[in-house]
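A.B. asks: predicted model and sequence below, questions to follow.
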Amino acid sequence: MAEVFKDHSNILQNGNGHAHEMLFDEENCDLFDQVHPMKRDEFVNPAQEGEYDILVIGAGAGGLVTAAGSKGYGARVCLIERTFLGGDCLNMGCVPSKAFLKCASVVHNARTAHNYGVKINGEIEVDFPAIMTRMKKIRADISENDSA
């Protein structure tokens, strides 16, 4: 993997020296291309022309809204993000947790459907790999809105 990231291999490490838990399947690669472009040779930081009106550090929910809102008012904005655009909410927190909660709710509703007069023949099974794929697809789809 390090050869893909070239001199940016530091993004593969967290503070403990372990590789990030992000797997490089289709959904995660779609996400990664939006929030931290892997094609480093094709990505070019914009050239600075003059001074910025505002510097936003962190491209989480607050940083993205601040940068976009300031730009909308005509400010010259510099947005800096160390790892992934979208911050914790998109990548590890809000979005993944809500996707998992929805799946758990569907399973619960199916297993308690008899309380509402609904009969389901057979066992209700949970396919965790499918749940993970769904979560990663949702995250990748949303990431387009949290990208530069």
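C.D. replies: Now that the structure is in, tell me what you want to look at. Numbers count the residues shown, from 1 in each chain.
A.B. asks: C-alpha only now, for contacts and for neighbours.
C.D. replies: OK.
A.B. asks: so what's the most far-flung residue of the chain relative to its centre up against?
C.D. replies: What lies farthest from the middle of the chain is residue 117; by Cα atoms, centre = their mean that is 39.4 Å. Counting by Cα atoms under 8 Å, 6 or more residues apart in numbering, residue 117 touches no other residue.
A.B. asks: how near is it to residue 106?
C.D. replies: 16 Å (Cα to Cα, to the nearest Å).
A.B. asks: from what I can see residue 70 touches residue 77, true?
C.D. replies: Yes: here residue 70 lies in contact with residue 77, judged by Cα atoms under 8 Å, at a distance of 7.1 Å.
A.B. asks: how about the residue nearest the centre of the chain, phi and psi?
C.D. replies: Central residue of the chain (Cα atoms, centre = their mean): residue 91, 3.3 Å from the mean position. The phi/psi pair for residue 91 (degrees, to the nearest 10) reads phi -90, psi -30.
A.B. asks: against residue 131, how distant is it?
C.D. replies: Residue 91 sits 16 Å away from residue 131, taking Cα to Cα as the criterion.
A.B. asks: quick one: low-confidence ranges for the protein?
C.D. replies: 1-24, 37-43, 148 (pLDDT under 70).
A.B. asks: please enumerate the helices of the chain.
C.D. replies: For the chain, the helices defined by DSSP state H occupy 2-5, 26-35, 61-72, 87-91, 94-111, 128-143.
A.B. asks: hang on, the earlier thing: check the gap between the nearest residue to the residue nearest to the centre of the chain once chain neighbours are set aside and residue 110 for me.
C.D. replies: Distances taken as Cα to Cα, 6 or more residues apart in numbering place residue 139 nearest to residue 91, at 7.2 Å, with adjacent residues excluded. Distance, residue 139 to residue 110, by Cα to Cα: 25 Å.
A.B. asks: picking that back up, overlap of the contact sets of residue 70 and residue 77?
C.D. replies: Shared contacts of residue 70 and residue 77, counting by Cα under 8 Å, 6+ apart, come down to residue 54.
A.B. asks: now the helices of the chain in TSV, with distance to residue 47?
C.D. replies: Shown next, in TSV, are the helices of the chain (distance: least, Cα to Cα, whole Å):
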stretch	distance to residue 47
helix 2-5	22
helix 26-35	20
helix 61-72	17
helix 87-91	24
helix 94-111	33
helix 128-143	24
